[in-house]
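Chemist: Fold the following, please.
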Amino acid sequence: MMNATTFMTSYLTFYMKGSVEYDGNFVRISRPNTILKFIPLGMNKQNFPVEQISSVTTNFRVSLGSLLWGLLFALCGLSALPQSLVGGLLFFAYGGLTVISSLQTVVYLTAAGSNYLIPIVFTERAKADEIERGINELIAGRYADTNVRTNTERSADRIVDAIRSSRGV
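Modeler: Okay, the predicted model is just below:
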């Protein structure tokens with residue numbers, strides 16, 4: 001059974017969604033690539049086997065570069081308003097949306113010793129929590145499947161039950 005969660009990575013590209021799909025063996029991540037958080041350039045896709053994932057966490061962060069870039073464009077838009085209403089409003093809107101998009105909920109995935117970031121707009125925090133919960137369930141299931149003590153006890157119990165039932169006890 002495959003579960004999938006889709007999310008926005010930026011308000012400027014609200015029409016381009018990222019997604020995380022997770023099933024029993026793999027976690028598949030797909031995020032849009034953009035220039036200046038506005039011009040689409042395709043998708044970044046990554047696949048991780050569950051046995052290589054050691055942890056997943058969520059956190060709030062501010063992308064300082066995007067915040068400064070957005071503030072610069074917003075200020076340029078405000079200063080351009082007297083000369084060109086349309087141009088000033090476009091620059092201001094781009095800057096404002098970039099500032100808002102710099103506020104992110106990030107899912108940190110540690111796989112094979114490396115950290116991978118999945119940025120999600122801060123208003124979709126519930127989706128980040130859903131992704132974290134789904135991947136943690138996969139990790140817990142993997143540990144349960146590979147727990148030698150638990151699996152040995154189950155096998156021993158089955159053997160004892162089979163012997164008892166064959167003796168008619």
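Chemist: alpha carbons only for contacts and neighbour counts from here, please
Modeler: Noted.
Chemist: now whichever strand or helix holds Asn33: mean pLDDT?
Modeler: Using DSSP states H and E, Asn33 maps to strand 26-35. Mean pLDDT, strand 26-35: 91.
Chemist: same question, stretch 44-52
Modeler: On average, stretch 44-52 scores 92.
Chemist: cool, stretch 143-153 as well?
Modeler: Mean predicted lDDT for stretch 143-153 stands at 61.
Chemist: Check what pLDDT the residue nearest the centre of the chain gets.
Modeler: For the chain, the residue nearest the mean C-alpha position is Ile118 (3.9 Å; CA atoms, centre = their mean). Listed pLDDT for Ile118 reads 92.
Chemist: With Gly95 instead?
Modeler: 94.
Chemist: what are the ranges of the helices in the protein?
Modeler: 64-80, 85-101, 125-145, 148-167 (DSSP state H).
Chemist: Dump these to TSV, plus mean neighbour count.
Modeler: Formatted as TSV, the helices of the chain follow (neighbours: other CA atoms under 10 Å):
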stretch	mean neighbour count
helix 64-80	18
helix 85-101	20
helix 125-145	17
helix 148-167	11
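Chemist: wait, which of these is closest to Lys37?
Modeler: helix 85-101 (7.5 Å; CA to CA).
Chemist: That closest one versus helix 64-80: what angle between them?
Modeler: Helix 85-101 and helix 64-80 meet at an angle of 160 degrees, taking axes from the mean of the first three to the mean of the last three CA atoms, to 10 degrees as the criterion.
Chemist: Now do the residue nearest to the centre of the chain against Phe60, distance only.
Modeler: 12 Å (CA to CA, to the nearest Å).
Chemist: swap in Val107?
Modeler: In terms of CA to CA, Val107 sits 9 Å off from Phe60.
Chemist: higher neighbour count, those two?
Modeler: Val107 (23 against 15; other CA atoms under 10 Å).
Chemist: my guess is that one meets Ser55, correct?
Modeler: No: look at Val107 against Ser55 with CA atoms under 8 Å: they stay out of range, at 10.4 Å.
Chemist: show me what contacts Val50?
Modeler: Applying CA atoms under 8 Å, 6 or more residues apart in numbering, one finds that Val50 lies in contact with 24-27, 138-139, 142.
Chemist: Would you mind giving the residues you listed as CSV with distance to Lys127 added?
Modeler: Formatted as CSV, these follow (distance: CA to CA, whole Å):
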residue, distance to Lys127
Gly24, 20
Asn25, 21
Phe26, 19
Val27, 15
Leu138, 17
Ile139, 18
Arg142, 23
